[in-house]
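1. Give me the fold of what follows.
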Amino acid sequence: MAQTVEQVAQAVGRETASPGGGRAHEVLRRWQKLSGKPFGKLLFSIGVGRMARYTGSIRPRVHELRPGYARVRMHDRPALRNHLQSVHAIALMNLAEVTSGLAMLAGMPADARAIITNLAIEFKKKARGTLEAECTTAPPQSNEKHEYLLEAIVRDTAGEEVARATARWLVGPR
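-> Numbering: from 1, shown residues only. The predicted structure is shown next:
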């Protein structure tokens, strides 16, 4: 692969012209370029983790991304566990945040930016094993200053909901 992980990490979050002449957010453009290639999803995921270092601590793996939609997995491991031998609450919150953020960024106009202003989570049951978060939203149509409320649902391998997060994202012009 011609690009290094560092190049992918540096590029996530910037904007460029898309092949059709319109402007696509760089996150979506990079995903489209890498996801179909061998190890492309892994490289993209590592790039996301390097861009947002705290998020990188959970080692999120992006499995699906399109405007207004993201599906991200996190594998259970000892570093993410609490004293009850389940996945720590903040690791679950981190997974929900990155999932909602990717869904938002992938659908945003290139001349917009977003920041999370509130994140709340309800824990439904102890989380163990591989977890998958999913978020669907209507993408912003402009860079006009506006708040968006997104919901990210975290499920275990049995498909049972372990947590549900509500994220408030503020979108505005760059």
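
2. and the gap between the closest residue to residue 89 other than its chain neighbours and residue 90?
-> Distances taken as Cβ to Cβ, 6 or more residues apart in numbering put residue 123 closest to residue 89, at 6.3 Å, once the chain neighbours are dropped. (Glycine included, C-beta is placed from N, CA and C.) To residue 90, residue 123 is 11 Å away according to Cβ to Cβ, to the nearest Å.

3. Could you give the separation of the longest helix anywhere in the chain from the chain centroid?
-> Longest helix in the chain, counting residues (DSSP state H): helix 89-107. Counting by Cα atoms, centre = their mean, to the nearest Å, helix 89-107 is centred 4 Å from the centre of its parent chain.

4. For that helix, list every residue counted as buried.
-> Within helix 89-107, the residues that count as buried by 16 or more other Cβ atoms under 10 Å are 91-107.

5. ok so, going back, kindly state the pLDDT recorded for the residue nearest to residue 89?
-> pLDDT for residue 123: 96.

6. residue contacts, it?
-> Residues near residue 123 by Cβ atoms under 8 Å, 6 or more residues apart in numbering: 89, 92, 162-163.

7. low-scoring stretches of this structure, by residue?
-> Along the chain, the model assigns pLDDT under 70 to residues 1-24.

8. The chain: helices as residue ranges?
-> Under DSSP H, the chain gives helices at 5-11, 26-34, 40-51, 53-56, 89-107.

9. picking that back up, can you name the two of the contacts of residue 123 that are farthest apart?
-> Taking Cβ to Cβ as the measure, the contacts of residue 123 span a maximum distance of 10.6 Å, between 89 and 162.

10. Number of residues surrounding the residue nearest to residue 163 when sequence neighbours are not counted?
-> Nearest residue to residue 163 in three dimensions, chain neighbours excluded: residue 154, at 4.2 Å (Cβ to Cβ, 6+ apart). Using other Cβ atoms under 10 Å as the criterion, residue 154 is surrounded by 26 other residues.

11. who touches residue 154 in this structure?
-> Residue 154 neighbours (Cβ under 8 Å, 6+ apart): 92, 95-96, 127, 131-133, 161-165.

12. Narrow the residues you listed to those that are buried.
-> Here, 16+ other Cβ under 10 Å leaves 92, 95-96, 127, 131-133, 162-165 buried among the contacts of residue 154.

13. Could you provide the residues you listed in CSV, with additional columns for distance to residue 44?
-> Below are these laid out as CSV (distance: Cβ to Cβ, whole Å):
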residue, distance to residue 44
92, 22
95, 16
96, 19
127, 24
131, 19
132, 17
133, 16
162, 25
163, 24
164, 26
165, 22
